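Chemist: Got a sequence here, can you build the structure:
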Amino acid sequence: MDATDERVEVVVPPAAVGERLDRFLGGLPAVGTRSRAQQLLLAERVTVDGRARRASYTLRGGERVVALVPPPPPSTLLAEALPLSVLFEDAHLVALDKAPGMVVHPAPGARTGTVVNALLHRLGALEGGDPARPGIVHRLDRDTSGVLVVARTPRAHEYLARQFRKRTLSKRYVAVVHGRLAPARGTVDRAIARDVVDRKRMRVVREGGRAAVTRWEVLEYLPGATLVALVPETGRTHQLRVHLASLGHPIAADRVYGGDRLRTAGVSARVAAVLGACPRQALHAEALRFRHPGSGEAMEIAAPWPADLRALVEGLRALGGGHDPA
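Modeler: Numbering: from 1, shown residues only. From the prediction side, this is the model:
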């Protein structure tokens, strides 16, 4: 044990029975993420009742878990004075209305100009989770707008992350998709895996992959398109976009999953022109319901529709012929 290591010792509670060891460790504030937990396990810096265990070890409850956690490396993240739309803020968390085109945290190809860079300038520091993406509990794709909640403390990060893992919070999105999505409500239950050819894309698979479930409800039928509410029950990469494309109704202007190539199929030139004018995938994270990490009270954060989504819907309505679902 190095003198700078933090010794973390915890007895596995009944609520964690059946959970993987790496997932449990990642939920501890001193560890912060599952990927960091896996690194500690590979380095044999974790014992369960005095024995080294694999990341996949299933917890039985009552075990004594000891982890030797080295200090995080010095942060190289830059604080930047970037505009942010704040929906809610207190000592525990910040809820933002993320603008389309903004990346959530620094990554290869996007080291600056991110939400994290902007928050570091606004708040001075963020704690909890991966030091490379401090405070980040969940993400939105670059071109998806809407509600994004960021933790300000390790305790808040762990509390919010647990709700995401346990699926005890609720997310609601709205999207405009191509064609007439029917029936008016339903569920997609199709596993998702990374594409074997293009590693930046995801795809639906029959075997393997990770379970993914999305519920939908049609809000309005528009000329050549459908306005739909989406509730993901899981949180896989690109899940909503992949699931809708798998139904034959890709999200309008989604250039990765076919929302641009299909815009002229079977629709009038006027409809195609309106759909084609949308500058990015027509997907918006409208609301997030969760329990506050400080008070434990239920709260809901909602983000208004951005101008480009309003323009798309109003432009299609102006063509006439749309109607509410029966």
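
Chemist: Kindly provide the distance from the spatially closest residue to residue 52 that is not a sequence neighbour to residue 53.
Modeler: Spatially, and ignoring its direct neighbours in sequence, residue 52 is nearest to residue 44 (5.2 Å; CB to CB, 6 or more residues apart in numbering). The C-beta positions use only the backbone N, C-alpha and C, and glycine is treated the same way. Taking CB to CB, to the nearest Å as the measure, residue 44 falls 10 Å from residue 53.

Chemist: Check residue 299 too.
Modeler: Distance from residue 299 to residue 53, by CB to CB: 37 Å.

Chemist: Looking at the two, which is more packed in?
Modeler: Set residue 299 next to residue 53 and count neighbours by other CB atoms under 10 Å: residue 53 wins out with 18 against 13.

Chemist: Residue 209: what's it in contact with?
Modeler: Residue 209 makes contact with 191-193 under the criterion CB atoms under 8 Å, 6 or more residues apart in numbering.

Chemist: Go through the residues you listed and say which is closest to residue 125.
Modeler: Distances from the contacts of residue 209 to residue 125 were compared by CB to CB; the smallest belongs to residue 192, at 34.9 Å.

Chemist: Now do that closest one: how many residues are near it, please.
Modeler: Taking other CB under 10 Å as the definition, residue 192 ends up with a neighbour count of 20.

Chemist: Next, it: phi, psi?
Modeler: Reported as degrees, to the nearest 10, the phi and psi values for residue 192 are phi -130, psi 140.

Chemist: show me what contacts it?
Modeler: 202-205, 209-210, 212, 236-239, 242-243.

Chemist: Could you rerun that using 10 Å?
Modeler: In this structure, residue 192 makes contact with 202-205, 209-212, 234, 236-239, 242-243, 246, judged by CB atoms under 10 Å, 6 or more residues apart in numbering.

Chemist: cool, residue 172 as well?
Modeler: For residue 172, the contact set (CB under 10 Å, 6+ apart) comprises 146-147, 215, 217, 229-232, 284-289, 300, 302.

Chemist: Which among those count as buried?
Modeler: Judged by neighbour count, with 16 or more other CB atoms under 10 Å as the criterion, the buried members of the contacts of residue 172 are 146-147, 229-232, 284-289.

Chemist: Pipe those into JSON lines and attach distance to residue 186, secondary structure and pLDDT per row.
Modeler: Compiled in JSON lines, the buried ones among the contacts of residue 172 are given as follows (distance: CB to CB, whole Å; DSSP: H, G, I helix; E, B strand; the rest coil; pLDDT from 0 to 100):
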{"residue": "146", "distance to residue 186": "23", "secondary structure": "strand", "pLDDT": "98"}
{"residue": "147", "distance to residue 186": "24", "secondary structure": "strand", "pLDDT": "98"}
{"residue": "229", "distance to residue 186": "12", "secondary structure": "strand", "pLDDT": "98"}
{"residue": "230", "distance to residue 186": "11", "secondary structure": "strand", "pLDDT": "98"}
{"residue": "231", "distance to residue 186": "12", "secondary structure": "strand", "pLDDT": "98"}
{"residue": "232", "distance to residue 186": "14", "secondary structure": "strand", "pLDDT": "97"}
{"residue": "284", "distance to residue 186": "20", "secondary structure": "strand", "pLDDT": "98"}
{"residue": "285", "distance to residue 186": "21", "secondary structure": "strand", "pLDDT": "98"}
{"residue": "286", "distance to residue 186": "19", "secondary structure": "strand", "pLDDT": "98"}
{"residue": "287", "distance to residue 186": "20", "secondary structure": "strand", "pLDDT": "98"}
{"residue": "288", "distance to residue 186": "23", "secondary structure": "strand", "pLDDT": "98"}
{"residue": "289", "distance to residue 186": "22", "secondary structure": "strand", "pLDDT": "98"}
